[in-house]
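K.L.:
Whatever this is, show me its structure:
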Amino acid sequence: MDRKNERKTFIGGTKMETKSRYEVIAELEGQKRQLILQRDSFSDHIENKLKHIKLLKREVEDEEEELDKFKKTVEEKKDTIKELIASVDESLKRL
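P.N.:
Okay, the predicted model is just below:
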């Protein structure tokens, strides 16, 4: 072990390791880099959220279009079902 970079101290019977000034500086610089990366990623995060919202809006528009199409055909479908019910009733009467 390099005695210049690491010192061991005994406090209250417990072995404590102390770091050199260079190790502390390196750790702090690493923390700073991580914080800068986190800060700089916020704009990407916002852009991704906006894209997701646009996609959701498109999906809602598609669903609304499908609903409108369905509404337009509901009366026709009801009439067809009424005719089928009448046909079943006629078949039942014959039996």
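K.L.:
measure E23 to K32 for me?
P.N.:
Distance of E23 to K32, given as CB to CB, to the nearest Å: 15 Å. C-beta: built from backbone N, CA, C; applies to glycine.
K.L.:
Would you mind splitting this protein into its domains for me?
P.N.:
With domains defined by automatic domain parsing, the chain comprises 1-40, 53-95.
K.L.:
Measure how far the helix or strand that contains E63 is from the centre of its chain, please.
P.N.:
For E63, the host element (DSSP states H and E) is helix 42-94. Distance of helix 42-94 from the chain centroid (CA atoms, centre = their mean, to the nearest Å) equals 26 Å.
K.L.:
Show the average pLDDT along that helix.
P.N.:
For helix 42-94, mean pLDDT rounds to 96.
K.L.:
Among the domains of the chain, which comes closest to I46?
P.N.:
domain 53-95 (10.6 Å; CB to CB).
K.L.:
Can you show me the CA trace of the strand or helix carrying R33 as PDB?
P.N.:
With secondary structure defined by DSSP H and E, R33 is part of helix 21-40. Extracted in PDB, the C-alpha atoms of helix 21-40 (Å, rounded to 0.1, in the frame of the first residue of the first chain):
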ATOM      1  CA  ARG A  21      -6.500  15.100  -1.400                       C
ATOM      2  CA  TYR A  22      -6.200  13.800  -5.000                       C
ATOM      3  CA  GLU A  23      -8.700  11.000  -4.300                       C
ATOM      4  CA  VAL A  24     -11.200  13.500  -2.900                       C
ATOM      5  CA  ILE A  25     -10.700  15.800  -5.900                       C
ATOM      6  CA  ALA A  26     -11.200  12.900  -8.300                       C
ATOM      7  CA  GLU A  27     -14.400  11.900  -6.600                       C
ATOM      8  CA  LEU A  28     -15.800  15.400  -6.500                       C
ATOM      9  CA  GLU A  29     -15.000  15.900 -10.200                       C
ATOM     10  CA  GLY A  30     -16.800  12.600 -11.000                       C
ATOM     11  CA  GLN A  31     -19.800  13.900  -9.000                       C
ATOM     12  CA  LYS A  32     -19.700  17.100 -10.900                       C
ATOM     13  CA  ARG A  33     -19.600  15.300 -14.300                       C
ATOM     14  CA  GLN A  34     -22.600  13.200 -13.300                       C
ATOM     15  CA  LEU A  35     -24.500  16.300 -12.300                       C
ATOM     16  CA  ILE A  36     -23.700  18.100 -15.500                       C
ATOM     17  CA  LEU A  37     -24.800  15.100 -17.500                       C
ATOM     18  CA  GLN A  38     -28.100  15.000 -15.500                       C
ATOM     19  CA  ARG A  39     -28.700  18.700 -16.000                       C
ATOM     20  CA  ASP A  40     -28.000  18.500 -19.800                       C
END
